[in-house]
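Asker: the following comprises the amino acid sequence and a computationally predicted model.
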2 protein chains.
Amino acid sequence: MPERERRDQDRPRRRPPRRERDFAAIRGGEDAALRRRILSAAAEIFAARGFAAASIDEVAKRLGATKGLVYHRYRSKGELLADVCEAGLTSLAARAEAIADRRERAIARLTGAANLHAAAVLADIALHRTLAGATSGMAVATLRGSEAKALASIVEQRGRYDAIFTRLITDTVEERDLPSGRDTAMLGRIFVTALDAPILWPQDSVAELADRRGLIARQLAYFALRGIGASDATLREEFSR
Amino acid sequence: MPERERRDQDRPRRRPPRRERDFAAIRGGEDAALRRRILSAAAEIFAARGFAAASIDEVAKRLGATKGLVYHRYRSKGELLADVCEAGLTSLAARAEAIADRRERAIARLTGAANLHAAAVLADIALHRTLAGATSGMAVATLRGSEAKALASIVEQRGRYDAIFTRLITDTVEERDLPSGRDTAMLGRIFVTALDAPILWPQDSVAELADRRGLIARQLAYFALRGIGASDATLREEFSR
C-alpha cells in the first residue's frame, strides 16, 4: 500500500485528498462506461428501426437518459452511427490482428480469425447489422457533409479489417494449405461475407440459436474455409484443436 | 385471320369494334406493366433509404407519377413492401422450382439453382436488399396489424423458397454427391445466405462488378457448393458444363 493511502486510512473521518488527475481518471472511466452504454443502445435502435428512421430520442429513451446526455457527446445521429461502427471495428480488428500475428501456420491463424469473426457476429448481431447497413450503403444514402465523410472512413476501416482475412488467405496459399492461382481479393470478400451470414437470418431465429452460438460459429468457419478450398484433412486437423 | 377482323380491315377508316373483355385485357396488361414499374421503383427507394425512412411520395416521384397513382393500388408502405417481396419471390421460386424438377442428378440441379440465385441477387441488388431487410426483420420492427401479417407471410414465402435448396441438398446427400450425417437445415441456411453475400457488399462495388456478374455468380455458387462438402471432382464436372 503506498505511503499516502496508509496515512489517509489513519484518518478515516476525513476524505482522502484527491488530485485533479484522479478526478479526470474517474471521469474518464465513467465516460468510457457511458460511451459503451450509449453505443450499445444506439446499435440496438439502429438495427431494429433502421438508421434512417431511428432518432437520438429513442436511443436516450432506451438508456433511460435524457436526450441532452446523448447530444452532449454526439451532435448528430450520423456521428453516433460512426462511433458505434468505429468502436465495434476497432475492438474486433485488435482481436483479429492479435490472431493474425501469432507464430502459427497461416491456416491455423485464418481458422482462428474466422471463428472469432463468426462468434462476434452471433454474439452482437445488432452491432453487425448496424455495421453492414453503414458499410453496404444500405439505408444511409441520405447522409451529407461531415456525416457522409465519417461514414466513408468507416467503409475504409471495414476494408482494412477485411484485408486481414485477405492477407491470411494469401499467406495460407503460400504455405500450400489452399490452392493457388485464384482471385484472392474476391475470395476474401466472399469468405468474410459468408461469416457475416447471420446478419441476413431472421432476427428471431438468431435469438433462438443463442445457446448454440459456439457450434454455429464453427460451422460457419468450417463452411467458409472449405468454400475457399481447404482440404478435408486440413480442416479435420484445424477443427480438432 | 378471323372473319370479323378481315371485315374490319376492309373498312380502314373505322376503328375496329372492341368488346368489353378486350378492354379488360388491355387494362390488365397495362396494370401488370405499371405494377412492375411501381415495384421496381419501390425496391430502389427501400434499398437506398431503408424501409422505415422511405415514403410512397418518393416512390411516386421516382416514377414521375402522382402519389395517387401508387395509393390507388397500395394503401400503405407496408402493403407496397409486401408486394415487392411477393412478386420477387414468386418469380424467383418459379425459376428455382423449374430447375429442381429437371430430370438430372440432384447435384446438377443444386448447382443450377445456386447459379440462378446468385445471378438473380447480382442482377437486382435493390430487390434482394429489400427482401433481406423484410425477412431478417431489419428495419421493419415498426410494422403493426395487417402490415405485420403481410410481412410474416413474406417470411414464410422466403422459408418455402429456401426449402427448395434444403430439399436439393438432401437429395444430393442421398445420391452421395455430398457427405451425409450433418445438420441439413443449418447447412441449407448457410448455403443460401452465402449466395446472398452481395447484399452485404458496398453498393458501389456491386455496381462496378456489373460486367462480371456471370463470373461472380459462378464463384459464389462454387464457393457455397464446396463449402457444404462437394468434392473437387464433382465441382469440376458441374462447372465445366
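Answerer: Okay, I see it.

Asker: ok, the closest residue to A:S153 other than its chain neighbours - contacts?
Answerer: Leaving aside its chain neighbours, A:S153 sits nearest to A:A82 (7.3 Å; criterion: C-beta to C-beta, 6 or more residues apart in numbering or on different chains). Placement of C-beta: from N, CA and C, glycine included. By C-beta atoms under 8 Å, 6 or more residues apart in numbering or on different chains, the contact set of A:A82 is A:134, A:147, A:150-151, A:153-154.

Asker: A:L122 too?
Answerer: With the criterion set at C-beta under 8 Å, 6+ apart, A:L122 makes contact with A:198, A:206, A:209, A:213, A:216-217.

Asker: what helix or strand does it sit in?
Answerer: If you go by DSSP states H and E, A:L122 is part of helix A:106-123.

Asker: so what does the next helix-or-strand element following that helix touch, helix or strand wise?
Answerer: Later in the chain than helix A:106-123, the nearest helix or strand by DSSP H and E is helix A:125-136. The contact analysis (3 or more C-beta pairs under 8 Å, 6 or more residues apart in numbering or on different chains; DSSP states H and E) places helix A:125-136 against helix A:20-49, helix A:77-100, helix A:145-174.

Asker: need these in TSV with mean pLDDT and distance to B:H72, can you?
Answerer: Output for the helices and strands packed on helix A:125-136, formatted as TSV (pLDDT from 0 to 100; distance: least, C-beta to C-beta, whole Å):
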stretch	mean pLDDT	distance to B:H72
helix A:20-49	79	29
helix A:77-100	95	34
helix A:145-174	91	36
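
Asker: go through the ones you listed and name the closest to B:L187.
Answerer: Nearest to B:L187 among the helices and strands packed on helix A:125-136 is helix A:145-174; the distance by C-beta to C-beta comes to 22.2 Å.

Asker: what angle do the following helix or strand past that closest one and helix A:145-174 make?
Answerer: Helices and strands here follow DSSP H and E; after helix A:145-174, the next one along the chain is helix A:184-195. In terms of direction (axes from the mean of the first three to the mean of the last three C-alpha atoms, to 10 degrees), helix A:184-195 departs from helix A:145-174 by 110 degrees.

Asker: with adjacent residues omitted, what lies nearest to the most centrally placed residue in chain A?
Answerer: Nearest to the mean C-alpha position of chain A, by C-alpha atoms, centre = their mean, lies A:G88 at 3.4 Å. Residue nearest to A:G88 in three dimensions, not counting chain neighbours: A:L127, with 4.7 Å by C-beta to C-beta, 6+ apart.

Asker: quick one, what contacts A:I164?
Answerer: So A:I164 contacts A:93, A:96-97, A:100, A:113 (C-beta under 8 Å, 6+ apart).

Asker: just name the closest of those residues to A:E175, please.
Answerer: A:A100 (13.8 Å).

Asker: hang on, that closest one packs against A:T166?
Answerer: No. Using C-beta atoms under 8 Å, A:A100 is not in contact with A:T166; the gap is 11.0 Å.

Asker: roughly how far does A:L225 sit from chain B?
Answerer: 8 Å (C-beta to the nearest C-beta, to the nearest Å).

Asker: and that residue, backbone torsions?
Answerer: phi -70, psi -40 (degrees, to the nearest 10).

Asker: neighbours of it, how many?
Answerer: When neighbours are defined as other C-beta atoms under 10 Å in any protein chain shown, A:L225 has 28 of them.

Asker: now do the same contact list for it.
Answerer: Taking C-beta under 8 Å, 6+ apart, one finds A:110-111, A:114, A:235, A:238 in contact with A:L225.

Asker: got a PyMOL select line for the buried ones in those residues?
Answerer: In PyMOL, this line selects whichever of the contacts of A:L225 come out buried by 16 or more other C-beta atoms under 10 Å in any protein chain shown:
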select buried, chain A and resi 110+111+114+235+238
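
Asker: ok, the contacts of A:L225 vs chain B, which is closest?
Answerer: A:L235 (10.4 Å; C-beta to the nearest C-beta).

Asker: what's the mean pLDDT across the helix holding A:L122?
Answerer: For helix A:106-123, mean pLDDT rounds to 98.

Asker: what do you get for stretch A:50-59?
Answerer: 87.

Asker: do the same with stretch A:181-201
Answerer: 94.

Asker: can I get that stretch in CSV? Just the C-alpha atoms.
Answerer: The C-alpha trace of stretch A:181-201 is given here as CSV (Å, rounded to 0.1, in the frame of the first residue of the first chain):
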residue,chain,number,x,y,z
GLY,A,181,-4.0,-19.3,-58.9
ARG,A,182,-7.2,-17.7,-57.9
ASP,A,183,-8.6,-14.2,-57.4
THR,A,184,-7.7,-13.7,-53.7
ALA,A,185,-9.4,-10.4,-53.3
MET,A,186,-12.8,-11.7,-54.5
LEU,A,187,-12.2,-14.9,-52.5
GLY,A,188,-11.5,-12.8,-49.3
ARG,A,189,-14.7,-10.8,-49.8
ILE,A,190,-16.8,-13.9,-50.3
PHE,A,191,-15.1,-15.5,-47.3
VAL,A,192,-15.8,-12.7,-44.8
THR,A,193,-19.4,-12.2,-46.0
ALA,A,194,-20.1,-15.9,-45.5
LEU,A,195,-19.1,-15.4,-41.9
ASP,A,196,-21.4,-12.4,-41.7
ALA,A,197,-24.3,-14.6,-42.8
PRO,A,198,-26.3,-14.5,-39.6
ILE,A,199,-26.9,-10.8,-40.3
LEU,A,200,-29.3,-11.9,-43.0
TRP,A,201,-31.1,-14.6,-41.0
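
Asker: I'm done for today, thanks for sticking with me.
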